[in-house]
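K.L.:
this one's sequence-less:
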């Protein structure tokens, strides 16, 4: 492997020169431009930031390493295309895509296949193997970013660290850029060569503006979609289009650039991407500007050219591919955070796998003189292989998804949630359309008399509303929205648009309740009740809300707090450590005391309001467990399972309902 790392002070000049010539020849064949080891060093900065961040070993903002990759990609791809245009007067699209396929597809196929195989072997800990298959198919179809935008609550969502192919979203962004940018730059260079830089700059500004707008409307789209990330790739492209070698001294931009990049990795910005990614993009562009325009980068250049940095730069693609599945699978069977020693070992294993992948998967198809196959054949074979593999994965995933839940308790518990949640529930970034959602009724055709209102915790309690409606012979519906506690004008602490949509949602729910044209007369209210500094503010807003709705309903049921457990119940069950997910009753009572007081106070104010304490159902005198009577109480660490909600509903209807409770008046 040492011959792949030609820069180092321990090499004699003759050997170093020969190795440099060899490496440069390989690089020129692959890209058409001269090799600069500093770029591999910059890749090392990017990949090490990401790997250490994901492993919990490094900078809090290490995720910006992906943005460094984007700028580098924009620079290199634009350099390659510009070189083609200058040398040949046109872009050789087949050669370009042939090189991209050689570079990306072989290692990707290996990692996707290995990840799916591992998921199958560990399926007792990874119940949604079909989702792994589907995400692998999306990756091979170059749309992983769109898949994860649709399938996750966000890249930083707590549950996202269990998705073994989540990191391939960034590959989807780059692949979509590769598909569109060659045509774009070709059109620009042919028609308005003098205006290429201004047009690209304006396009980058428009993309940046789009990213900022999406952060306020659909944050997931701002993070995952290529148009919102195009400005980052364009920043590298703008550097590549400048005249090369026109800088005598690149030390100042190199010094400033590296300090900005390292600062961005150490001090994360919550408003991300958009303005939050701007420091990283600007710092990386400055570094590339120094590399592009000068051979003298001072200490920064020496560091980036050093053997360790070039080493990690060369294996950066394979290391990026391998590290996340290892971490995700290691987390699956372990309750709580991964031990430090294990995280370090996993990083070492990922590096070893990356070395093997680089040597035996990436390199064989990228060596000069070993490319007898025509570019057309490589493109056809590469695309056909990716498409066929993706179809096979989709079919396999579909079969798995149709399969009945296994007898495994962990798998059953993970899936123990309302089946109609997509049809009934509003995501946090979803616009407030018609409420309730169409087709969200426990008994279509019957009048809706029972409602449940709140956040995703209220959605989890939907079986109680359904059971109550069934006992009355009427229908129930759901008014639930992510992270949106049921109180007028309460700020849920989310980004501007999500917070404003939550306020709008609650306002429209109240309007629906007080509207005399509607027949609802029974309301269940519950949530992950706000605590901490929000408790007093929420209590005031909730009091005002109850004052508004109480006169318009025959009956209001306030469900008390339920325990938040230390880890996901399915994971604790799969690991054989169900007790590790329990919480002490004393701790839960102390944590929920303010909520209990608030809800009891509201119930005491109105004759038609009832407070239902849930503690004795979910806890005994000493502990709040993860399991009860052989079933899981929560589908994760805090949302009650549908089985638990149904069992409680049965008990409530038999034992706890007020004597003489009348059914709703169904005449209207």
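P.N.:
Nice, thanks for sending it over. Computed from a predicted model, the values in this text were never measured in an experiment.
K.L.:
how about low-confidence regions in this protein?
P.N.:
For the chain, the stretches with pLDDT under 70 are 1-33, 127, 153-161, 191-193, 245, 366-373, 402-407, 516, 656-668.
K.L.:
right, and residue 439 touches residue 423 too?
P.N.:
Yes: in this structure, residue 439 is within contact of residue 423 by CB atoms under 8 Å, at 5.6 Å. C-betas here are computed from N, CA, C, even on glycine.
K.L.:
between the two, which one's more packed in?
P.N.:
residue 423 (13 against 10; other CB atoms under 10 Å).
K.L.:
Quick one: residues contacting that one.
P.N.:
Shown in contact with residue 423 (CB atoms under 8 Å, 6 or more residues apart in numbering): 437, 439-440.
K.L.:
helix/strand/coil for it?
P.N.:
The three-state label given to residue 423 by DSSP: H, G, I helix; E, B strand; the rest coil is helix.
K.L.:
Would you check how far apart it and residue 457 are?
P.N.:
Applying CB to CB, to the nearest Å, the value for residue 423 to residue 457 is 18 Å.
K.L.:
what's the strand or helix carrying residue 264 in contact with?
P.N.:
Using DSSP states H and E, residue 264 sits within helix 251-266. If you take CB under 8 Å, 6+ apart as the criterion, helix 251-266 is touched by 45, 49, 53, 58-62, 64-65, 68, 247, 279-280, 282-291, 296-301.
K.L.:
before we move on, the earlier item: can you list the contacts of residue 423 in a markdown table and add secondary structure and distance to residue 526?
P.N.:
Output for the contacts of residue 423, formatted as a markdown table (DSSP: H, G, I helix; E, B strand; the rest coil; distance: CB to CB, whole Å):
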| residue | secondary structure | distance to residue 526 |
| --- | --- | --- |
| 437 | coil | 19 |
| 439 | coil | 23 |
| 440 | coil | 17 |
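K.L.:
buried set for the helix or strand hosting residue 113?
P.N.:
Using DSSP H and E, residue 113 falls within helix 93-121. Neighbour counts over helix 93-121 (16 or more other CB atoms under 10 Å) mark 95-112, 114-116, 118-119 as buried.
K.L.:
Find the nearest non-adjacent residue to residue 530, please.
P.N.:
Leaving out its chain neighbours, the residue that sits closest to residue 530 by CB to CB, 6 or more residues apart in numbering is residue 538, at 4.3 Å.
K.L.:
Hmm, I typed the wrong one, I wanted residue 477.
P.N.:
Spatial nearest neighbour of residue 477, chain neighbours left out: residue 436 (4.3 Å); criterion: CB to CB, 6+ apart.
K.L.:
Tell me if I am right that the one you found is in a helix.
P.N.:
No: counting by three-state DSSP, residue 436 falls outside a helix, being coil.
K.L.:
For it, list the residues it contacts.
P.N.:
424, 448, 477-479, 512.
K.L.:
Can I get these in TSV including neighbour count and distance to residue 72?
P.N.:
Below are the contacts of residue 436 laid out as TSV (neighbours: other CB atoms under 10 Å; distance: CB to CB, whole Å):
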residue	neighbour count	distance to residue 72
424	22	44
448	20	56
477	24	51
478	30	47
479	29	47
512	17	52
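K.L.:
Contacts only, for the nearest residue to residue 640 once chain neighbours are set aside.
P.N.:
Once flanking residues are discounted, residue 640 sits nearest to residue 460: 4.8 Å by CB to CB, 6+ apart. Neighbouring residues of residue 460 by CB under 8 Å, 6+ apart: 417-418, 635, 639-642, 645.
K.L.:
chain center to the helix or strand hosting residue 344: distance?
P.N.:
Using DSSP H and E, residue 344 sits in helix 340-357. Offset of helix 340-357 from its chain centre (CA atoms, centre = their mean, to the nearest Å): 23 Å.
K.L.:
in the stretch 351-500 of the chain, which spans are strands?
P.N.:
With DSSP state E, counting those that start in this stretch, the ranges of strands along the stretch 351-500 of the chain come out as 448-454, 475-480.
K.L.:
before we move on, what about the stretch 551-668 of the chain?
P.N.:
In the stretch 551-668 of the chain, the segments counted as strands under DSSP E, counting those that start in this stretch are 555-559, 583-584, 609-612, 623-624, 627-628, 631-632.
K.L.:
Check the gap between residue 484 and residue 471 for me.
P.N.:
In terms of CB to CB, residue 484 sits 28 Å off from residue 471.
K.L.:
before we move on, what about residue 418?
P.N.:
19 Å.
K.L.:
Residue 447 too?
P.N.:
For residue 447 relative to residue 471 (CB to CB), the value is 15 Å.
K.L.:
what is residue 525 paired to in the beta sheet?
P.N.:
Taking DSSP bridges as the rule, residue 525 bridges to residue 453, residue 558.
K.L.:
any idea how far it lies from residue 142?
P.N.:
Applying CB to CB, the value for residue 525 to residue 142 is 45 Å.
K.L.:
who's more crowded, these two?
P.N.:
A direct count of neighbours by other CB under 10 Å for residue 525 and residue 142 places residue 525 higher, at 25 against 21.
K.L.:
neighbour-wise, which of residue 418 and residue 471 wins?
P.N.:
For residue 418 versus residue 471, the count of surrounding residues by other CB under 10 Å is larger for residue 418: 21 against 15.
K.L.:
pretty sure the more buried one contacts residue 463?
P.N.:
Yes: Residue 418 lies in contact with residue 463 (CB under 8 Å); the separation is 7.3 Å.
K.L.:
shared neighbours of the two, anything?
P.N.:
Listed as contacting both residue 418 and residue 463 by CB under 8 Å, 6+ apart are residue 642.
K.L.:
Could you break the chain into its assigned domains?
P.N.:
The chain is divided into the following domains under automatic domain parsing: 32-402, 412-561+587-616+650-656.
K.L.:
okay if I get those domains as TSV plus distance to residue 567?
P.N.:
Formatted as TSV, those follow (distance: least, CB to CB, whole Å):
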stretch	distance to residue 567
domain 32-402	5
domain 412-561+587-616+650-656	13
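K.L.:
now residue 312: how far from residue 200?
P.N.:
Distance check for residue 312 against residue 200: by CB to CB, it reads 30 Å.
K.L.:
same deal with residue 551?
P.N.:
Relative to residue 200, residue 551 is positioned 61 Å away (CB to CB).
K.L.:
Pull the residues that contact stretch 50-59.
P.N.:
48-49, 60-63, 65-66, 167, 265-266, 319-320, 323-324, 327, 337-338, 340, 343-344, 346-347, 350.
K.L.:
Recalculate using a threshold of 7 Å.
P.N.:
49, 62-63, 65-66, 265-266, 319-320, 323-324, 327, 343-344, 346-347, 350 (CB atoms under 7 Å, 6 or more residues apart in numbering).
K.L.:
Equivalent analysis for stretch 98-115, please.
P.N.:
With CB under 7 Å, 6+ apart as the criterion, stretch 98-115 contacts 30, 132, 136, 139-140, 164-165, 178, 317-318, 321-322, 325, 357, 361-362, 365-366, 375, 378-379, 382, 386, 389.
K.L.:
quick one: that stretch to chain centroid distance?
P.N.:
For stretch 98-115, the gap between its own C-alpha mean and the chain's C-alpha mean amounts to 22 Å (CA atoms, centre = their mean).
K.L.:
for stretch 78-93, same thing?
P.N.:
Centroid displacement of stretch 78-93 relative to its chain, using CA atoms, centre = their mean, is 36 Å.
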